[in-house]
Each structure stands twice: as C-alpha cells, then as structure tokens.
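Engineer: Curious how this folds, go ahead:
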Amino acid sequence: MAGVSKASGQENWSSRAAFILAAIGSAVGLGNLWRFPYVAGESGGGAFVLIYILCIVLIGLPVLCAELMIGRRGGGSAISAVTRLARTEGHPALWGTFAGLGILASFLILSFYCMIAGWVLYYVIAILGDLFSNIASNGLGAISAGAFESSTPEEISGRLGALLARPGEAIIYQGIFVLLTIGIVSRGISGGIEKAVTILMPAFFVMLLILVVVALVQGDGTAAVNYLFKPDFAALAAGIADRSILSNALGQAFFSIGLGSALMITYGMYMSKDADVPGSAAIVCSADTIVALIAGLAIFPIVFQFGLEPGGGPGLMFGTLPLAFQQMPFGAVFGAVFFLMALFAALTSSISLLEPAVAWRDGGADLAPEAKMKRRLLASIGLGGILFALGVMHILSQVPTGQANFFNSWVPVDFGPFAGKTFFDFVDVLTSQFLLPIVALLTAIFAGWVVSKTASREELGFKTESRYRAWYFLIRFVCPAAIFLIVLTSLGIL
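Structural biologist: Numbering: from 1, shown residues only. Sure, this is the predicted structure:
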C-alpha cells in the first residue's frame, strides 16, 4: 500500500517501480501510437529521431527533473508546491500562477483527449462486435477473418466520419471513458492510480510486443525500418530551414512526457524522499521514446504491406489501419488487440491528466487522510462533470458542417494562429503551442533562478557534482532559450 504522511495526509507511491509505471503510463498515450512515428517518417526518419533524442536529453529530461524536484520539495498540490518553494526562497507567492496554468492546460487537453479515447472505445466495440457476429454465423473458423470483412473500403475508412455525424453516440462513448477516469482517480494514489497502472501498463506492453511480432512477420518490415530510421537529410535540412523540425521535436517531447502540464509536479509530490529523481526521470524519457519507435514498428509494416498511405493523425489510426486489418489474416483479432492497447494507453494518460486538478481541489492544506479522500471524491465528480460538458462541446464542433449546430461553426478567437479554428482546434492550439511551452519555460526559470542551488542539489541528489552542474547549466540557460524560441515561433514572430 502507498504510504500516507500523518502530518499532511498526503499519499506516497508504494515503490519506485510504482511511480515509474505511473509516469510511463502518463507519457505513453495516443500520440505515441500515431503522431510520433508519422512525424518522424515525414521529417527525415533517423535524422529526425536524432534531433528528437537531443531535445529529450538537453531539454525534456532537465525540465522533467525540475518538475519532479519542485513537486517533492513543495508538496500539497502543484500550486501549493510552487508557492511554498517560492516563499521559502524569499520570492512572492505569485510564482504559483504558472502551476495553475499547467493545471488548466492538463485539464483542457484531457477535455478533448476523452473525446478521442471515446472514438477508440467505439472501434474496440465495433471490431469485437463484428468478429463475434461473424463467428456466430460462420463458426470458429471465422476467427481468421479480417476486420469488418463484409464492409467496403469506403465504409471502413468512413467509419469515423459516420461516428462524428452521430454526436449522440460519440457523447455516450466519451461519457463512458470519463466515468472510467473519474472512478480510478477518485480512489486516490494507492487504491486507484497505482492499482490501475500496475494492471494496464504490463498488459499494454504485452499487446504492443505481440503486435510488433505480427507486423514484422506479416508486413513489410524493411519499408517500415527505412521510413522510421533511414536518415533523409534533405527533409531534415528543409525542416531546419523553416524551424519546423525543432518545433515538432520539442512540441512532441512536451506533449508526450507531459511537461508544462503540472502533471509531473503532481506525481513528484507522491515520491518518497529516498527516490532517485534523475534516474527515474531518465527511465521515463527513455521508455516513452522507445515505445513511440516500437509503435511505429507495429503499425507501418502492415500499412506498407498493403500499399496504404501512412497518413498522420486520426486518419492513420481510424482510417488507414482498419483498412489494413481488413486485408490481413486474423485481422479482426489483431485489430481488436490494437485498439484495446490504445484504450489502455489512453486511460493511463487520462488519469494522470486529471490528477493535477483533483490534487488541487482535494486540498493542498494539511488535512487528515479521511478528509482528503472525501474531498478527492467530490473533486473527481465535480471536475468530471465539467470535463464531460467540455467534451460535448468538442464533439459537437466535430459534427460535419452539413449538420448545422452552434459549435461546428463557432470560432472562439478569430485572429492569429486561432483564426478559423472551431472549439476543438482552438483548445488544441492553445494548449500545445502556447500553454505547455510557456509553463515549461516558467518552470525552467523557477527551478534555475528562484530555487536555491542548495535546495535543488539536495532534492535531486545527483551522484556526482559534475552531473548536477550540467543539469544546472541546462535548466538555467539552454532550456529557457530553446523553449522561448519555440514560443516565438508559435506566435509567428520567427
């Protein structure tokens, strides 16, 4: 069981392994399964992967260490952790504002993440329903059939569009996923999040490895390896020239690891004082990158084998892959496994995205464990209701324009990078291009310039002074400069 401090009522991870599983679960999500492999292939293959790894090592890892350090040092909630540290160092409590922005970012991201996870849940049920119906009609031999065997390619690729045109059904799937997320988070660290990730993450990895083996055996592994790992220096040079490579690589690092969302500050609060912060952070960053690359090896051999286009975003997961699963032997089974794996990844990410807001609402002040759990339950239900309402707005904004409603034509902010964006696209741009990098920038400044060297050195516990000095230099100079350039790029100034 996770330990509870009697002084503050705050739970702790029961072990380092539990924290690492939870942190990896928060980092590994739907973006790993479609966005990273596609962006890597289109942006220079192995050359982009190298740039991405450099971004992780030089920027992502130092900021992750800083967030975990702030959370464990301050405690309470993300806002109270930053506020306490600032006051301890003789600085104004106003610094807690950036943690509040991080909580807002994680909550807004979760509001549309639940919508997309609802799509995944729909595909799990649709593929399994089609498979069981086929078995009932044709016997157990039908288990070797492809997914949606009786459907035309147009019907398969158009399934997501058809779901978007049925917003009531999409709202139900989203609501189910929101309830799952609330149910886990409301039970706390030991009874909810930790138990969930110790079941979901091992199952996720098993399914991922099964799919990789199947993809490499049945698909075109050579084409997939070339797409992901063969350096395309012309594409890399073009991306460097227009700054898209660095922007994509750093943006993927922020979104995937959860930097700038107060998520890792919150998870850091539950780390024990003897936990190895830099070592744990390195494992999380490495695992996230490895999973993204392995996911590419599970997806693209099948895509290339059947002559399909490796389109990015939802088109890859909800259009291209179902077509591939239709054409391959046992495609219905492997399609169901793939979407179930994606659902597990979505759930481990969603509980971590909700946790910062719940930790804030359940009380950063010293409270008895029973009082905190009661507040946690009420906070989970209340925030879940808001989450569901925002998700409905996202779903309605995705309804085809031929079906008129307010949200699919409403443009909340019609200027600059938000011009012409419906509610879903507006929130996506606001969080990924502005809130996450701005909060990460302020986190780096806070850790490097506000928190004293004595406090950060003691909390991080680097094994050698040279490693601490390297982190200190990166967090003070390299990270703020690089993130600031990305913010200027998002604003269209560069």
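Engineer: Secondary structure element holding Pro62?
Structural biologist: helix 61-74 (DSSP states H and E).
Engineer: What is that helix packed up against?
Structural biologist: Counting contacts by 3 or more CB pairs under 8 Å, 6 or more residues apart in numbering; DSSP states H and E, helix 61-74 is packed against helix 78-88, helix 263-269, helix 277-305, helix 436-445, helix 453-460. For every residue, glycine as well, the C-beta is placed using N, CA and C.
Engineer: who wins for proximity to Ser397 among those helices?
Structural biologist: helix 436-445 (21.0 Å; CB to CB).
Engineer: Counting by contacts, list what the closest one packs against.
Structural biologist: helix 61-74, helix 96-138, helix 244-257, helix 479-490.
Engineer: which other residues reach the shortest one?
Structural biologist: By that I understand helix 479-490. 55, 58-59, 62-63, 243, 246-247, 250-251, 417, 433-434, 437-438, 440-441, 444-445, 448, 494 (CB atoms under 8 Å, 6 or more residues apart in numbering).
Engineer: Below-threshold pLDDT in the stretch 201-350 of the chain: ranges please.
Structural biologist: 239, 241-244, 312 (pLDDT under 70).
Engineer: go again using 90 as the cut-off
Structural biologist: 226-259, 272-275, 288-289, 292-293, 296, 307-316 (pLDDT under 90).
Engineer: cool, the stretch 51-200 of the chain as well?
Structural biologist: For the stretch 51-200 of the chain (pLDDT under 90), the answer is 51-55, 75-77, 140-142, 149-150, 188-191.
Engineer: burial measure for Gly221, as a count.
Structural biologist: 18 (other CB atoms under 10 Å).
Engineer: For the nearest residue to it once chain neighbours are set aside, give me its contacts.
Structural biologist: Leaving aside its chain neighbours, Gly221 sits nearest to Pro301 (4.8 Å; criterion: CB to CB, 6 or more residues apart in numbering). Taking CB under 8 Å, 6+ apart, we find Pro301 in contact with Ala215, Leu216, Gln218, Gly219, Asp220, Gly221, Ala223, Ala224.
Engineer: of all these, which two lie farthest apart?
Structural biologist: So for the contacts of Pro301, where distance means CB to CB, the most widely separated pair is Gln218 and Ala223, at 13.1 Å.
Engineer: intersection of neighbour lists for the two?
Structural biologist: With CB under 8 Å, 6+ apart, Gln218 and Ala223 have common neighbours Pro301, Gln305.
Engineer: of the two, who's got more company?
Structural biologist: More crowded of Gln218 and Ala223, by other CB under 10 Å: Gln218, with 18 against 15.
Engineer: just checking, that one touches Phe304?
Structural biologist: No: using CB atoms under 8 Å, Gln218 is not in contact with Phe304, being 11.4 Å away.
Engineer: looking at the helices and strands packed on helix 61-74, which is buried most?
Structural biologist: Using mean count of other CB atoms under 10 Å, the stretch among the helices and strands packed on helix 61-74 with the largest mean neighbour count is helix 263-269, at a mean of 29.
Engineer: quick check, distance from that one to the centre of its chain.
Structural biologist: Taking CA atoms, centre = their mean, to the nearest Å, the mean C-alpha location of helix 263-269 is offset from the chain mean by 15 Å.
Engineer: same for it, what does it pack against?
Structural biologist: Checked by 3+ CB pairs under 8 Å, 6+ apart, helix 263-269 has helix 16-27, helix 61-74, helix 78-88, helix 96-138, helix 331-361 packed alongside it.
Engineer: Pipe the ones you listed into TSV and attach distance to Ala47 per row.
Structural biologist: What follows is the helices and strands packed on helix 263-269, written out as TSV (distance: least, CB to CB, whole Å):
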stretch	distance to Ala47
helix 16-27	23
helix 61-74	21
helix 78-88	36
helix 96-138	29
helix 331-361	27
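Engineer: Next, find the distance separating the residue nearest to Gly221 from Phe344.
Structural biologist: 22 Å (CB to CB, to the nearest Å).
Engineer: do the same with Tyr468
Structural biologist: In terms of CB to CB, Tyr468 sits 37 Å off from Phe344.
Engineer: So for those two, which residue has more residues nearby?
Structural biologist: Neighbour count, other CB under 10 Å: between Tyr468 and Phe344, Phe344 has more, with 24 against 17.
Engineer: Assess the claim that that one and Leu200 are in contact.
Structural biologist: Yes: applying CB under 8 Å as the test, Phe344 and Leu200 come out as touching, 4.6 Å apart.
Engineer: for the stretch 351-494 of the chain, what are the low-confidence residue spans?
Structural biologist: For the stretch 351-494 of the chain, the ranges with pLDDT under 90 are 361-375, 401-405, 415-417, 429, 432-434, 437, 463, 482-483, 485-494.
Engineer: All set now, cheers.
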